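S.K.: coords below, sequence missing:
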């Protein structure tokens, strides 16, 4: 588990005159589930979106699977990174089948796409049942499963999930997290999760980072970070 | 019956205009008013190739539409996209688009004069065809078949091809398509080409039926907007049906009330829909990008 899939060095990000990330060093090891924690506005989403190329970095270096890369979403997807953002997660007026096909848009081999869809609908049986249904008609939890499956279409090496529990009922959150752990075990996919809902994640994650005011405040095994005193410090501002 | 047939023929043109407009609107979410005048420019270009080089009507129409399509792409790349990158609101985009429409309209009037021109496919065929008590001219048949063929081709493209699926996806959730690694800007350029190409052909159909003036751009885009709203904005099938319904209702209005009431009938129909069915006939899944 020590080989790295992603390494970020000295990353600075500015929004206009405001510096939102300060000299961030961050790494994800192959095969691990990593949690990125921190209070609201700490820069968690900015960090991941910058690594994926959705925001421009001011300074710093991103190395993905051993290669230094200037991130843009198409390059990162081709290199093997998948990103599931917050909020609107699906193409609502398209069927589940078409939603999944969109996940492998960069592939040209139709047979390969169909084979992968077949594998994923077996892995996520709820999608098989509603295969020809419009995504709009799915529940929030099902839509999250669909976005997860779509992100796995191109068999990514690294899957990034930005607050996957947002808007979901606690029972469904548990189901979604169990599926995430299963993805990690079955496909060997490295996973980064930005999440507030820490309790549900503790038993599936391996390591974590705590980001406060755009700086890495702590890193280490989840057990250490989830210590109630540490979390108190994070969320009540003592680590800033 | 004759009114219905005339209505369907005019409606076919409106349907084409609405489909192209809707295709672009679904992808960029602002009213591209310039669309109307680029369609008019397509007519003038068709006429230019037809008269200057004595090319076949259909070849001239395709060249005119192709050039219009390229101008549509240029409008996106060099006018709208820089503004979108600066986070301009859809209101700002619409005002800019309207300004550009006026400029292009005046340029057309400067080059080709502010007269009404018509286009004819053939001088020899003047007599209409008669059957079941209906008279239909050769031009009207061309309009009908061209509209039908284009609409079927577009439906097949959007629903059966990979890039068609990408266009539908951008209409649903543009941000997500970027996240999936698609080169969204290239697909939007494709949308502007196809949408404007269709509008130019629709414009040429107008010229076959009633002729063209530089000021017809606003008229054409307004008809496209009305048909789109009636059909359900964002829905291609809705736009087609909206266009047909608008054409039929306008013709009924003209028959019973007189030609001067054409626009009133169109706006009355729009008002009825806005009051009682504001989401249109095809209530596509509402997506607010």
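M.R.: Okay, I see it. Please read all numbers here as calculations on a predicted model, not as lab measurements. Numbering: from 1, shown residues only, chains lettered A, B, ... in the order given.
S.K.: what score does residue 101 have for pLDDT?
M.R.: Chain wasn't specified; assuming chain A. Per-residue pLDDT puts residue A:101 at 96.
S.K.: hmm, I had chain B in mind actually
M.R.: pLDDT, read off for residue B:101, is 96.
S.K.: hang on, it in a helix?
M.R.: Yes - Residue B:101 sits within a helix when classified using DSSP: H, G, I helix; E, B strand; the rest coil.
S.K.: isn't it right up against residue B:34?
M.R.: Yes - under the criterion of CB atoms under 8 Å, residue B:101 makes contact with residue B:34 at 5.0 Å. Every residue, glycine included, has its C-beta placed from N, CA and C.
S.K.: which residues touch residue B:236?
M.R.: B:19, B:22, B:23, B:154, B:155, B:158 (CB atoms under 8 Å, 6 or more residues apart in numbering or on different chains).
S.K.: ok, of those, which come out buried?
M.R.: The neighbour count (16 or more other CB atoms under 10 Å in any protein chain shown) marks B:19, B:22, B:23, B:154, B:158 as buried among the contacts of residue B:236.
S.K.: buried set for the helix ranked longest in chain A?
M.R.: Assignment by DSSP state H gives helix A:170-187 as the longest helix of chain A. Residues of helix A:170-187 classed as buried: A:172, A:173, A:176, A:177, A:179, A:180, A:183, A:184, A:187 (neighbour count, 16+ other CB under 10 Å).
S.K.: turn those into CSV, columns for pLDDT and distance to chain B.
M.R.: Shown next, in CSV, are those (pLDDT from 0 to 100; distance: CB to the nearest CB, whole Å):
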residue, pLDDT, distance to chain B
A:172, 83, 21
A:173, 84, 22
A:176, 85, 18
A:177, 89, 21
A:179, 89, 20
A:180, 92, 18
A:183, 92, 18
A:184, 94, 21
A:187, 91, 18
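S.K.: all helices for chain A, in order.
M.R.: Counting by DSSP H, the helices of chain A are A:44-52, A:73-79, A:96-103, A:110-123, A:125-129, A:140-151, A:170-187, A:198-201, A:222-225, A:228-235.
S.K.: quick one: contacts of the fifth one?
M.R.: Looking back up the chat, that one is helix A:125-129. Contacts of helix A:125-129 (CB under 8 Å, 6+ apart): A:96, A:100, A:120, A:121, A:122, A:142, A:145, A:146, A:149.
S.K.: now do 6 Å
M.R.: For helix A:125-129, the external contacting residues (CB atoms under 6 Å, 6 or more residues apart in numbering or on different chains) are A:96, A:121, A:142, A:145, A:149.
S.K.: most neighbours among those, which one?
M.R.: Greatest neighbour count in these, by other CB atoms under 10 Å in any protein chain shown, goes to residue A:96: 30 neighbours.
S.K.: need the nearest residue in space to whichever residue of chain A sits closest to chain B, chain neighbours excluded.
M.R.: Proximity of chain A to chain B (CB to the nearest CB) peaks at residue A:77, 3.0 Å away. Distance criterion CB to CB, 6 or more residues apart in numbering or on different chains; nearest residue to residue A:77, sequence neighbours excluded, is residue B:181 at 3.0 Å.
S.K.: dihedrals phi and psi, that neighbour?
M.R.: With angles defined as degrees, to the nearest 10, residue B:181 sits at phi 90, psi 10.
S.K.: wait, what's in contact with it?
M.R.: Listed by CB under 6 Å, 6+ apart, the contact set of residue B:181 reads A:73, A:74, A:77, A:106.
S.K.: ok, the last one - contacts?
M.R.: The one in question is residue A:106. By CB under 6 Å, 6+ apart, the residues touching residue A:106 are residue B:181.
S.K.: residues near the residue of chain A closest to chain B, how many?
M.R.: Count around residue A:77 with other CB under 10 Å applied: 24.
S.K.: and it, how far from residue B:180?
M.R.: Between residue A:77 and residue B:180 the distance is 7 Å, computed by CB to CB, to the nearest Å.
S.K.: next one: residue A:144
M.R.: Residue A:144 is 16 Å from residue B:180, by CB to CB.
S.K.: what of residue B:239?
M.R.: Going from residue B:239 to residue B:180 by CB to CB gives 26 Å.
S.K.: higher neighbour count, these two?
M.R.: residue B:239 (34 against 25).
S.K.: quick check: closest non-adjacent residue to the more buried one.
M.R.: Going by CB to CB, 6+ apart, residue B:239 has residue B:18 as its nearest residue, at 3.8 Å.
S.K.: near that neighbour, how many other residues are there?
M.R.: Residue B:18, neighbours per other CB under 10 Å, totals 34.
S.K.: hmm, it is touching residue B:245, no?
M.R.: No - contact between residue B:18 and residue B:245 fails when scored by CB atoms under 6 Å: they sit 10.5 Å apart.
S.K.: residue B:166 versus the residue of the stretch 101-250 of chain B found nearest chain A, what's the distance?
M.R.: Among all residues of the stretch 101-250 of chain B, residue B:181 sits closest to chain A, at 3.0 Å; criterion: CB to the nearest CB. Note on residue B:181: its distance to residue B:166, by CB to CB, is 11 Å.
S.K.: residues near residue A:10, how many?
M.R.: 12.
S.K.: against residue A:26, how distant is it?
M.R.: Counting by CB to CB, the gap from residue A:10 to residue A:26 is 10 Å.
S.K.: now residue B:72
M.R.: With CB to CB as the criterion, residue B:72 and residue A:26 are 43 Å apart.
S.K.: ok, now how distant is the nearest residue to residue A:226 once chain neighbours are set aside from residue A:164?
M.R.: In space, and not counting its chain neighbours, residue A:226 is closest to residue A:202: 5.3 Å by CB to CB, 6+ apart. Using CB to CB, residue A:202 is found at 15 Å from residue A:164.
S.K.: who has more neighbours out of those two?
M.R.: Using other CB under 10 Å as the criterion, residue A:202 and residue A:164 rank with residue A:164 on top: 25 against 13.
S.K.: check the contacts of helix A:125-129 and tell me the two furthest apart.
M.R.: Put simply, by CB to CB the two of these set farthest apart are A:121 and A:142, 12.6 Å from each other.
S.K.: in terms of neighbours, single out the busier of residue B:72 and residue A:26.
M.R.: Taking neighbours as other CB under 10 Å, residue B:72 and residue A:26 compare with residue B:72 leading, 29 against 22.
S.K.: assign a three-state SS to that one, would you?
M.R.: What three-state DSSP gives for residue B:72 is helix.
S.K.: enumerate the residues of chain A near chain B.
M.R.: Within chain A, the positions adjacent to chain B are A:73-74, A:77, A:83, A:88, A:91-93, A:98, A:102, A:105-106, A:136 by CB under 6 Å from any CB of the partner chain.
S.K.: now the contacts of residue B:236 in TSV, with distance to residue A:158?
M.R.: Shown next, in TSV, are the contacts of residue B:236 (distance: CB to CB, whole Å):
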residue	distance to residue A:158
B:19	41
B:22	38
B:23	35
B:154	38
B:155	39
B:158	33
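S.K.: in helices only, show me the residues you listed.
M.R.: Mapping the contacts of residue B:236 onto helices (DSSP H) picks out B:19, B:22, B:23, B:154, B:155, B:158.
S.K.: quick one: the strands in chain B, in order.
M.R.: Here chain B has its strands, by DSSP state E, at B:129-131, B:134-136.
S.K.: most neighbours per residue, which of these?
M.R.: Most buried of these, by mean neighbour count (mean count of other CB atoms under 10 Å in any protein chain shown): strand B:134-136, with a mean of 14.
S.K.: distance from that one to the middle of the chain?
M.R.: 25 Å (CA atoms, centre = their mean, to the nearest Å).
S.K.: give me the residues contacting that strand.
M.R.: Contacts to strand B:134-136, defined as CB under 6 Å, 6+ apart, come from residues B:1, B:2, B:5, B:128, B:129.
S.K.: show me what the closest residue in space to the first one that isn't next to it in sequence is bridged to.
M.R.: Nearest residue to residue B:1 in three dimensions, chain neighbours excluded: residue B:134, at 5.8 Å (CB to CB, 6+ apart). Here residue B:134 sits in beta bridges with residue B:131, going by DSSP bridges.
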